[in-house]
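Peer 1: coordinates for the following, if possible.
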Amino acid sequence: MDNIIKSGIYKILNIVNGKQYVGSAVNLEKRKKEHFYALKKQKHINTYLQRSFDKYGEDNLKFEVIEYIEDKNNLIEKEQYWMDKLNCVSPNGYNICPTAGNTLGVKCTEETKSKIKESSKGGNHPSLNKHMTQEIKQKLSKINKGKKVSEDTKEKLKEKNKHVKSGENNWCSKLTDNDVIEIKRIFKNKEMNCADIAKKYNIGKTAIYDIKNNKTWKYIDENGNIDYNIKNKTLTKDNVIEIKKMLNENISNNEIAKNFNISNTTISDIDTGKYWKNIIVNNEYKIRHIGIVTKNLQKIINFYKLFGFKVYTYKEYNKDSLRNIIGINESDRIETYKLFDGSTIIEVLYYSNYSDKKINKNLWDLGYSHIAFTIDNLDEFYNKLIDNGVEFISAPQLSSFDNVKLCFCKDPDGNFIELVQDLPALEEQI
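Peer 2: Coordinates of the predicted model:
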């Protein structure tokens, strides 16, 4: 029996644990859609049902009609009968209230309407005409500022999103796979613009733009080929390296997106460092080394050894060999030590008989400012440097503009050093 525009009693059954929710509706099909729309939007009024949906997913919640009712006036009575029979009130099921009272689709009497209207007038309604003061808004903003989503919450969100159906299998989708294949064919042949396509399929222009820019329906390519494995595609490290190389070669975002069947937005986010910022692709030009002039050779070398650097070359020059290159006249000799940590070279230079000019510079002064190091465990490394007498501007702090923890210290000559720890984020998985 077709349940469209039919009244009756229904249940939502969790096929994993056997728990159920019983309800009644004038329009069963409409009620089903309302339930699952609210569940997917995390807005369902029944918290037990919402938690079950979040934990087990849409595929494990089945909407079933128990009994069709022709006389709408018998809905509540029958709902109560089935609630008692199936023992579906919490904790045995998902119904919150033991008494049936679903009035969905049942028209209120004029007397009931009048009572509802009267109760909402003036100050009777608890939320009527109430607005947040600016002070409360500022307090809430201050409380929530800088809050980080826990790893546990991120994992729960990832698990929940696994159950969200995409493409034509999404119950609210207005398009089928064949529709999108035709739309992509139209784009390829430049037969119609986005506005005309939107009118043809009676959907919004934004939906058409998203298809065009490969934000949605990504598993269908421009030639109409379908690859369902692309729906949940994750970029690999090699993919990102190739994308960054293509960006360095000034290949357009659109062309790269098509090549990897991902959105233009993802390419832009990789280009700007929002995603995959830990993967660095060398350009034709790269920094060779950093040079630091000191009057405290051993102190400076010992300082950078704390960062894992080791001395791997030492050279001594007389002033004549470098006079024409650097224009120095006052020093008898120059000593250079090159320190290496496996990826970066620091060259420490010592000029004998050269005037000792003390560094008196601020981080915000013009010119070269500081060296930055990425640290795996900043708190631990901070304590290590403190124990070695290193001067810090501040203790490690969370950044308000990036997902990092950082602080600044000084080397023995007063040069500024930035220490940065990247915090775990979900962004590396696209």
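
Peer 1: domain-wise, how is this protein divided?
Peer 2: Per automatic domain parsing, the structural domains of the chain span 8-109, 170-272, 287-357, 360-430.

Peer 1: average model confidence for whichever strand or helix holds Glu135?
Peer 2: Assigning secondary structure by DSSP states H and E places Glu135 in helix 134-144. For helix 134-144, the mean per-residue pLDDT is 75.

Peer 1: among the domains of the chain, which is nearest Lys139?
Peer 2: domain 360-430 (17.8 Å; Cβ to Cβ). Placement of C-beta: from N, CA and C, glycine included.

Peer 1: make JSON lines out of the domains of the chain and add mean pLDDT and distance to Ile280.
Peer 2: Listed next are the domains of the chain as JSON lines, based on pLDDT from 0 to 100; distance: least, Cβ to Cβ, whole Å:
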{"stretch": "domain 8-109", "mean pLDDT": "86", "distance to Ile280": "38"}
{"stretch": "domain 170-272", "mean pLDDT": "82", "distance to Ile280": "8"}
{"stretch": "domain 287-357", "mean pLDDT": "79", "distance to Ile280": "10"}
{"stretch": "domain 360-430", "mean pLDDT": "83", "distance to Ile280": "11"}
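
Peer 1: okay, those domains in JSON lines with distance to Leu140 next?
Peer 2: Converted to JSON lines, the domains of the chain look like this (distance: least, Cβ to Cβ, whole Å):
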{"stretch": "domain 8-109", "distance to Leu140": "20"}
{"stretch": "domain 170-272", "distance to Leu140": "29"}
{"stretch": "domain 287-357", "distance to Leu140": "42"}
{"stretch": "domain 360-430", "distance to Leu140": "17"}
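
Peer 1: among these, which comes closest to Thr133?
Peer 2: domain 360-430 (24.9 Å).

Peer 1: buried sites along the helix holding Glu135?
Peer 2: Counting neighbours by 16 or more other Cβ atoms under 10 Å, one finds that helix 134-144 has no buried residues.

Peer 1: and the helices in the stretch 251-400 of the chain?
Peer 2: 253-260, 264-272, 297-305, 319-326, 378-387 (DSSP state H, counting those that start in this stretch).

Peer 1: out of those helices, nearest to Asn74?
Peer 2: helix 264-272 (53.2 Å).

Peer 1: re the thing from before, now render the domains of the chain as CSV, adding mean neighbour count and distance to Asn144.
Peer 2: Compiled in CSV, these are given as follows (neighbours: other Cβ atoms under 10 Å; distance: least, Cβ to Cβ, whole Å):
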stretch, mean neighbour count, distance to Asn144
domain 8-109, 16, 18
domain 170-272, 15, 24
domain 287-357, 14, 36
domain 360-430, 14, 13
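
Peer 1: please identify which of the ones you listed is closest to Glu135.
Peer 2: Per Cβ to Cβ, nearest to Glu135 of those: domain 360-430, 21.9 Å.

Peer 1: from the chain's centroid, how far away is the closest one?
Peer 2: 25 Å (Cα atoms, centre = their mean, to the nearest Å).
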